[in-house]
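[1] Predicted coordinates and the sequence they were generated for:
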Amino acid sequence: MKKRWISRRKNIGAIGIGTMIVFIAMVLVAGIAASVLIQTSSKLQRQAMTTGQQTTGEVATGVEVYNVEGHVDGSTIDKLAIIVRARAGSNPIDLSTTVLQLSNSTIKCVLSYDSSQFATSPSSSGLFSTDVFNLTASEFGIIVLEDADGSCQNTSPVINHGDKIALTVNVSAAFGGLPVRTYVWGQVMPEEGAPGIISFTTPASYVYDVYQLQ
């Protein structure tokens, strides 16, 4: 009887150790699973926040084309001033990374910012007398019309709420001038956010030197 009791006690000890091993293994597995879940949830949270911020920026940010004016030389428009501002609630917009697209339905031009063609204000002789129209067909310049906080500078032309900027285009270089009854369309495309839409038809005849086109 004594030998049988000792044998049973040994079996009970072996079972207890096995149970403990299984329990420890379960705790370790549960800990690893919890760690993976925490890491995954943290990653998803960061990704959701980033996506939300980017979506908000895309929806709220953008350029608004406030006005388009053209200068007449002879029988064609030779210069354009596209006046833009940031949309309401928009993040700051860097015009040095902005792309301007223009087409007269025959030629399409894609223009980028030329930092050498920058003016802090219009010329006293008039907007189109400002020395920022010495441009090729693939470039646009900038005239600062309103910038209370001084954010729009030559090397970093950033616009925000309240700023008004004229993007200058040498139409003679881009299209050889715009004759009467010419339909022109395009976009001012910032790095982030909604583009500003350009759409106008030149007048049926040119009587004045300057026209508001849009």
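    Structure received.
[2] Burial check on residue 208, number of neighbours?
    Residue 208 has 8 neighbouring residues, counting by other C-beta atoms under 10 Å. Heads up, the C-betas are built off the backbone N, CA and C, glycines and all.
[3] Run a quick neighbour tally on the nearest residue to it once chain neighbours are set aside.
    Spatial nearest neighbour of residue 208, chain neighbours left out: residue 72 (7.0 Å); criterion: C-beta to C-beta, 6 or more residues apart in numbering. Residue 72: 21 surrounding residues under other C-beta under 10 Å.
[4] Who is residue 72 paired with across the strands?
    Note on residue 72: beta-bridge partners by DSSP bridges are residue 77.
[5] Likewise for residue 141?
    For residue 141, the beta-bridge partners are residue 168 (DSSP bridges).
[6] Contacts only, for it.
    Taking C-beta atoms under 8 Å, 6 or more residues apart in numbering, we find residue 141 in contact with 113, 114, 117, 118, 119, 132, 133, 135, 167, 168.
[7] Tell me which of those residues fall in strands.
    Those of the contacts of residue 141 mapping onto strands are 113, 114, 117, 118, 119, 167, 168, per DSSP state E.
[8] Which of the residues you listed sits closest to residue 79?
    Ranked by distance to residue 79 (C-beta to C-beta), the ones in strands among the contacts of residue 141 are led by residue 168 at 7.1 Å.
[9] The closest one: neighbouring residues, count only.
    When neighbours are counted by other C-beta under 10 Å, residue 168 comes out with 26.
[10] Tell me which residue is most central in this structure.
    Most central in the chain under C-alpha atoms, centre = their mean is residue 192, positioned 1.4 Å from the mean C-alpha point.
[11] in which helix or strand would I find that one?
    Assigned by DSSP states H and E, residue 192 belongs to no helix or strand.
[12] swap in residue 203?
    Using DSSP H and E, residue 203 sits within no helix or strand.
[13] For it, report the pLDDT, please.
    Per-residue confidence (pLDDT) for residue 203: 96.
[14] Near it, how many other residues are there?
    By other C-beta under 10 Å, the residues close to residue 203 number 16.
[15] dump the residue contacts of it.
    Neighbour list for residue 203: 180, 181, 211 [criterion: C-beta under 8 Å, 6+ apart].
[16] let's see 10 Å
    70, 72, 77, 180, 181, 182, 211, 213 (C-beta atoms under 10 Å, 6 or more residues apart in numbering).
[17] that older thread, which pair of the contacts of residue 141 spans the longest distance?
    Spanning the widest gap among the contacts of residue 141 are 113 and 133, at 14.1 Å by C-beta to C-beta.
[18] Could you verify that residue 32 is part of a helix?
    Yes - with DSSP: H, G, I helix; E, B strand; the rest coil as the criterion, residue 32 is assigned to a helix.
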